[in-house]
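Enquirer: Below is the sequence, then the predicted model.
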Amino acid sequence: MGKQTLSIIGMGKMGEAIARGLMDSPLRSGYRILGTTRTAESARDAGKDLGIEVSTSNEDAIRSGDIILLAVKPHQVQKILESNQKLFHAGQLIISICAAVTTDQISEWSGGKTAILRAMPNTPCLIKSGVTAICQGPRSEDSHLKSAERIFGELGRVTVLEESLFDGVTGLSGCGPAYVYLMIEALSEAGVKVGISRKQATALAAQTMMGAAKMVLDRAEHPAALKDEVTTPAGCTIDGLMALEEGKLRVTLIKAVLAATRRSKLMRK
Ligand SMILES: NC(=O)c1ccc[n+]([C@@H]2O[C@H](COP(=O)([O-])OP(=O)(O)OC[C@H]3O[C@@H](n4cnc5c(N)ncnc54)[C@H](OP(=O)(O)O)[C@@H]3O)[C@@H](O)[C@H]2O)c1
């Protein structure tokens with residue numbers, strides 16, 4: 001099979017991360033990557049940075065794309081698709097990473113001929129440590145899902161979910177890195193409070209987060225069982241855990257995900 005053209009509409013943070021991830025991977029030889037931005041200046045910067053063709057012409061990118069990846073802000077999607085509706089044709093695949101925009105909306109705005117998938121990556125995709133949820137939309141077949149799994153698999157883990165859960169995925173793993181940065185920052189402050197330098201405290205906090213997360217993923221055990229391993233009877237950890245329970249960390253995190261999920265739903269209205 002010859003090279004497929006992957007047109008990335010919106011070479012911002014996420015569009016660029018996806019292009020970069022693919023270019024650093026064995027998939028590189030299978031794709032010709034084109035990108036677009038709104039302004040000529042961003043196009044020039046992104047093109048120079050990545051060594052790929054980046055322009056301000058969505059028309060050209062859509063016309064020549066086998067896969068069209070939408071990575072613009074959610075409120076920009078409708079206008080871009082409707083104004084280029086005539087260019088979409090059967091045989092193309094649209095993958096949208098735009099929060100709160102449904103595959104049915106994309107199908108309607110793009111004229112209902114292409115296959116459609118939706119994906120929700122997160123910013124650690126920038127360093128190939130992301131997680132991406134994918135769901136199938138109108139006219140998408142298993143081969144389309146496999147292509148998307150391969151592309152996002154180069155940027156971290158991939159999980160396939162129902163589209164009805166996508167607002168929740170946005171609230172959990174899409175926004176989640178921000179919650180974790182806040183926790184790292186707070187732990188680092190605590191380190192400073194007990195006399196550790198800011199730099200060392202941040203490294204201790206961040207590596208602790210990463211190590212604990214890796215334990216959960218690698219050992220596939222319930223986090224509560226791993227927590228028990230750290231918690232010696234009458235030791236120090238149980239005192240720390242009591243303070244966290246008193247401060248309602250657990251329910252606060254649940255509320256954070258629910259609030260972001262609600263916002264994602266509201267954005268659609
Ligand atoms: N950031 C996240 O953590 C995250 C995670 C998951 C999903 N997402 C989704 O990813 C999408 C992009 O987010 P982002 O953070 O990457 O945004 P971003 O950094 O602001 O990038 C948006 C890009 O879209 C371009 N653009 C704007 N209007 C355009 C147009 N008419 N035609 C072509 N390109 C256009 C911009 O170009 P200019 O620079 O020239 O304006 C910019 O390159 C959003 O829908 C968001 O919901 C984001």
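Expert: Noted; the coordinates are in hand.
Enquirer: all strands of the protein, in order?
Expert: With DSSP state E as the definition, the chain shows strands at residue ranges 4-9, 31-36, 53-55, 67-70, 93-96, 115-120, 130-136, 156-160.
Enquirer: For residue 138, give its distance to residue 118.
Expert: Taking CB to CB, to the nearest Å as the measure, residue 138 and residue 118 are separated by 11 Å. Just so you know, the C-beta spots here come from the backbone N, C-alpha and C atoms, and that holds for glycine as well.
Enquirer: tell me, what's touching these two both at once?
Expert: Here residue 138 and residue 118 share the contacting residues residue 103, scored by CB atoms under 8 Å, 6 or more residues apart in numbering.
Enquirer: Neighbour count for these two, which is higher?
Expert: Neighbours were counted for residue 138 and for residue 118 using other CB atoms under 10 Å; residue 118 has more, 26 against 17.
Enquirer: so what's residue 224 up against?
Expert: The contact partners of residue 224, by CB under 8 Å, 6+ apart, come to none.
Enquirer: per-domain residue ranges of the protein.
Expert: Domain assignment for the chain, taken from automatic domain parsing, gives 4-161, 174-268.
Enquirer: Highest mean neighbour count out of these?
Expert: Neighbour counts averaged per stretch over these are highest for domain 4-161, at a mean of 19; criterion: mean count of other CB atoms under 10 Å.
Enquirer: avg pLDDT for that one?
Expert: Domain 4-161 carries an average pLDDT of 96.
Enquirer: What are the phi and psi values at the residue of the stretch 1-150 of the chain found nearest the ligand?
Expert: Residue of the stretch 1-150 of the chain nearest the ligand, by CB to the nearest ligand atom: residue 12 (1.7 Å). Main-chain dihedrals, residue 12, degrees, to the nearest 10: phi -90, psi -150.
Enquirer: which residue sits closest to it, ignoring its sequence neighbours?
Expert: Sequence neighbours aside, residue 71 is the residue nearest to residue 12 in space, at 6.6 Å (criterion: CB to CB, 6 or more residues apart in numbering).
Enquirer: which residues touch that neighbour?
Expert: When the contact criterion is CB under 8 Å, 6+ apart, the partners of residue 71 are 8-12, 14-15, 18, 97-98.
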